[in-house]
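> Curious how this folds, go ahead:
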Amino acid sequence: MQHPAVILRDKLAQRRALAVPGCHDALSARIIEDSGFEAIQVSGFGLAGSLLARPDVGLVEMKDVLDHTWQIARAVRIPVMADIDTGGGNALNARDITERLVAMGVAGVNIEDQVFPKRCGHMEGKQVIPAEEMAGKVRAMADTRRRLGSELMINARTDACAPLGLNEAIRRGNLYLEAGADMVFIDGIRTRADIQRSVREIQGLLSVNLMDAVTGVKTELIPLPELARMGVARVSIPVASILVAHRALKEFFAALKASPTGLLEGQTQWVSSFAEYTGFVGLKEYRALENEYLPRTLVEAKYGD
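The predicted structure follows:
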């Protein structure tokens, strides 16, 4: 069986605008996989909201990022891309984290050139580190990957477009490719023309970000088939899962609180059934494992004959 990193490389090399949604936990990852997507990424924005109920401004500890990435990778069979923000510090920190990601078996990783503490790419007030410093982080990661015999896909994100312009973002992207990155992600790119130019001038694979696939935020919403015709390799949809969860939870509990009975009798449109949910998370399979491995006396004591 091919390693997920090899599978991801093959898919991205086709430059068919592979949609890679972001997940905020293992359950959302499983749902994305079950919906038919071919790859997934861990959403730093989603983790900040899910774990801390805070904005994506560099507050989540790297240990928590790696722990939850491991749980997500265990939960799905499709390739998973990690999100390590600015790499945990300098090039040596990025090198150490790369070793951990290889051991975890993830398929790829996103690293960005923002000043720490970073922020979501579509927020205001972004700052970037010197391009040569970021190139050193990428080179340390690529050397570590080579030393370990890994195919880990390194996606070098630049946030230079908003503060410094597209020319600088393209220059940085090519510098990061020379340092060993496999793909460049220009975050905050705005228009169809900018994307077309970037595909022409980036000397490797290009990823773009359509945020939630609904509003576009700062990047013009362009149909994926059109992006594929342009030659875009990956389309990131990083924040939809946490925004969908926020909307659904907020509306359900507001309706529950407003109900005169304190219930929502018969309004099954709000929730999955208990059987549907427990079936999705594998309760039946867990019970079968109990029957296979636990002494029969223990199983009978728990469940009866």
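
> C-alpha only now, for contacts and for neighbours.
Fine.

> residue ranges with poor pLDDT in the stretch 201-305 of the chain?
Scanning the stretch 201-305 of the chain for pLDDT under 70 picks out 216.

> Point out where the stretch 51-200 of the chain drops to low pLDDT.
In the stretch 51-200 of the chain, residues with pLDDT under 70: 121-123.

> Identify the residues contacting Asp83.
Residues near Asp83 by C-alpha atoms under 8 Å, 6 or more residues apart in numbering: Gln41, Val42, Ser43, Gly44, Val65, Val109, Asn110, Ile111.

> Val20 versus that one, what's the distance?
13 Å (C-alpha to C-alpha, to the nearest Å).

> can you check Arg172 too?
From Arg172 to Val20 the distance is 23 Å (C-alpha to C-alpha).

> what do you get for Ala301?
Ala301 is 46 Å from Val20, by C-alpha to C-alpha.

> Who does the helix or strand harbouring Val235 pair with, and is each partner parallel or antiparallel?
Secondary structure from DSSP states H and E places Val235 in strand 234-237. Applying DSSP bridges to the sheet, strand 234-237 is found paired with strand 18-23 (parallel), strand 205-209 (parallel).

> buried residues in the helix or strand that comes right after the longest one?
It refers to strand 18-23. Sequence-wise, the next helix or strand downstream of strand 18-23 (DSSP H and E) is helix 26-34. For helix 26-34, a neighbour-count test (16 or more other C-alpha atoms under 10 Å) marks Ala26, Leu27, Ser28, Ala29, Arg30, Ile31, Ile32, Glu33 as buried.

> Packing partners of helix 26-34?
Judged by 3 or more C-alpha pairs under 8 Å, 6 or more residues apart in numbering; DSSP states H and E, the packing partners of helix 26-34 are strand 18-23, strand 40-42, helix 62-75.

> Dump the contacts of Asp83 to TSV, plus neighbour count and distance to Ala240.
Putting those into TSV (neighbours: other C-alpha atoms under 10 Å; distance: C-alpha to C-alpha, whole Å) gives the following:
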residue	neighbour count	distance to Ala240
Gln41	27	12
Val42	29	12
Ser43	29	9
Gly44	26	12
Val65	20	18
Val109	22	19
Asn110	21	18
Ile111	25	20
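
> Tabulate the residues you listed in CSV, adding columns for distance to Leu12.
CSV is the format used below for the contacts of Asp83 (distance: C-alpha to C-alpha, whole Å):
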residue, distance to Leu12
Gln41, 14
Val42, 17
Ser43, 19
Gly44, 21
Val65, 24
Val109, 14
Asn110, 14
Ile111, 17
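
> Of the strands paired with strand 234-237, give the one that comes closest to Leu92.
With C-alpha to C-alpha, the closest approach to Leu92 among those belongs to strand 205-209: 25.5 Å.

> ok, residues contacting that closest one?
12-13, 15, 182-189, 195, 198-199, 219, 232-238.

> List the backbone torsions phi and psi for Asp25.
phi -170, psi -180 (degrees, to the nearest 10).

> how far away is the closest residue to it other than its chain neighbours from Pro225?
Closest residue to Asp25 apart from its sequence neighbours, by C-alpha to C-alpha, 6 or more residues apart in numbering: Ile72 at 6.4 Å. Counting by C-alpha to C-alpha, the gap from Ile72 to Pro225 is 28 Å.

> Confirm that Gly89 sits in a helix.
No: counting by DSSP: H, G, I helix; E, B strand; the rest coil, Gly89 falls outside a helix, being coil.

> what's it in contact with, if anything?
The contact partners of Gly89, taken as C-alpha under 8 Å, 6+ apart, are Phe116.

> Going by neighbour count, which residues in stretch 80-90 are buried?
Buried, per 16+ other C-alpha under 10 Å, within stretch 80-90: Val80, Met81, Ala82, Asp83, Ile84, Asp85, Thr86, Gly87, Gly88.

> Now the first one: phi and psi?
This means Val80. The phi/psi pair for Val80 (degrees, to the nearest 10) is phi -120, psi 130.

> what about dumping the CA coordinates of the lengthiest helix in the chain to PDB?
Longest helix in the chain by number of residues (criterion: DSSP state H): helix 240-258. In PDB, the C-alpha atoms belonging to helix 240-258 read as follows (Å, rounded to 0.1, in the frame of the first residue of the first chain):
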ATOM      1  CA  ALA A 240     -15.700  25.800   6.500                       C
ATOM      2  CA  SER A 241     -15.800  23.000   9.100                       C
ATOM      3  CA  ILE A 242     -15.600  25.200  12.100                       C
ATOM      4  CA  LEU A 243     -17.900  27.900  10.600                       C
ATOM      5  CA  VAL A 244     -20.500  25.200   9.800                       C
ATOM      6  CA  ALA A 245     -20.200  23.800  13.400                       C
ATOM      7  CA  HIS A 246     -20.500  27.300  14.900                       C
ATOM      8  CA  ARG A 247     -23.700  28.100  12.900                       C
ATOM      9  CA  ALA A 248     -25.400  24.700  13.600                       C
ATOM     10  CA  LEU A 249     -24.600  24.700  17.400                       C
ATOM     11  CA  LYS A 250     -25.600  28.300  17.800                       C
ATOM     12  CA  GLU A 251     -28.900  27.900  16.000                       C
ATOM     13  CA  PHE A 252     -29.800  24.600  17.700                       C
ATOM     14  CA  PHE A 253     -29.200  25.800  21.300                       C
ATOM     15  CA  ALA A 254     -30.900  29.200  20.600                       C
ATOM     16  CA  ALA A 255     -34.000  27.300  19.500                       C
ATOM     17  CA  LEU A 256     -33.800  24.900  22.400                       C
ATOM     18  CA  LYS A 257     -33.600  27.800  24.900                       C
ATOM     19  CA  ALA A 258     -36.500  29.600  23.200                       C
END
